[in-house]
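Trainee: what would the 3D arrangement of this be:
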Amino acid sequence: MLIRPHDRGSRETSLEFVRGHGFGQLIATGRNRDFPVAVPTQYLLDDSETVLLHLASGNPVFRALRENPAVLLSVVGDWTYIPGAWKALDSEDPALGIPTVYYAAVQLRCTAEVLETPEEKLAVLRKQLQELEPESGIADPTVHEHRLREIRALRLTIGEVTGKFKFGGNVDEPHRSEVARRLLARDGPRDSAAREHLLRSRRGV
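Mentor: Below you'll find the model as predicted:
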């Protein structure tokens, strides 16, 4: 992933984004394959060093992991289209504005460990339920213990964290303020999150 200096996110900011989104693509290359295996999956960032998730036992990613435990967890979100005219101020010609897309993208390079014992799988399921619906009264997953053989859990130990937050960091303050104003006025389904990223970058957060 190409990252310009003004778009690079810190490890802390990148992990905060990953924690908040909770869904991404797990990519395993295996060895000597024509194509990697990419799995859309919900996950839990358990702490700053570990990701937990579970998948169906028949998922082809497990064969790739037996070949090579190195994986990439890719999380992308908060994207929105910025029309070219939004980047023109005062006497600048709106027709010559350059459109772009704002977005956040974080990639975690990890080492995967397959968890296969009932105790390990139950521990992961409990943590996920505690995160996703802590006060719902849902039964402990032991009530479905006979189905545990249908899943495997994964623990990903995080190594390198790469974050890109492309939200106008390369333009001056007046132009960024104008884009922020336009995002507020358009108020599309993704505009609020993009605007918050833009405002955070203006504050140097």
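
Trainee: all contacts plus neighbour counts: C-alpha atoms, from now on.
Mentor: OK.

Trainee: ramachandran angles for the spatially most central residue of the chain?
Mentor: Most central in the chain under Cα atoms, centre = their mean is Val75, positioned 2.3 Å from the mean C-alpha point. Taking degrees, to the nearest 10, you get phi -130, psi 120 for the backbone angles of Val75.

Trainee: which residues does the nearest residue to it once chain neighbours are set aside contact?
Mentor: When the adjacent residues along the chain are set aside, Val75 lies closest to Gly24, with 4.6 Å between them (Cα to Cα, 6 or more residues apart in numbering). For Gly24, the contacting residues are Pro40, Thr41, Gln42, Tyr43, Leu73, Ser74, Val75, Val76, by Cα atoms under 8 Å, 6 or more residues apart in numbering.

Trainee: please redo it, this time with the cut-off set to 10 Å
Mentor: Gly24 makes contact with 18, 38-43, 73-77, 106-107 under the criterion Cα atoms under 10 Å, 6 or more residues apart in numbering.

Trainee: and which of those residues is nearest Ala180?
Mentor: Gly77 (17.8 Å; Cα to Cα).

Trainee: and the closest one, helix, strand or coil?
Mentor: Each residue gets one of three states, and Gly77 gets strand by DSSP: H, G, I helix; E, B strand; the rest coil.

Trainee: so how far is Pro134 from the residue nearest to it when sequence neighbours are not counted?
Mentor: The spatial neighbour of Gly77 that comes closest, neighbours along the chain excluded (Cα to Cα, 6+ apart), is Ala104 at 5.5 Å. Distance of Ala104 to Pro134, computed by Cα to Cα, to the nearest Å: 28 Å.

Trainee: equivalent analysis for Pro36, please.
Mentor: Using Cα to Cα, which is the criterion applied here, Pro36 is 35 Å from Pro134.

Trainee: poorly predicted segments of this structure, please.
Mentor: The model of the chain has pLDDT under 70 over residues 202-205.

Trainee: picking up where we left off before, find the helix or strand that the residue nearest to Gly77 is a member of.
Mentor: Taking DSSP states H and E as the definition, one finds Ala104 inside strand 100-115.

Trainee: my guess is Ser74 contacts Gln107. True?
Mentor: Yes. Assessed by Cα atoms under 10 Å, Ser74 is found in contact with Gln107 at 4.6 Å.

Trainee: which neighbours do those two share?
Mentor: Taking Cα under 10 Å, 6+ apart as the contact rule, Ser74 and Gln107 both touch Val18, Gly24, Gln25, Leu26, Thr162, Gly163.

Trainee: most widely separated two among those?
Mentor: Within those, two members stand farthest from each other by Cα to Cα: Leu26 and Gly163, at 16.0 Å.

Trainee: ok, those two, which is more surrounded?
Mentor: Ranked by neighbour count (other Cα atoms under 10 Å), Leu26 and Gly163 place Gly163 first, with 26 against 21.

Trainee: alright, calling it a day.
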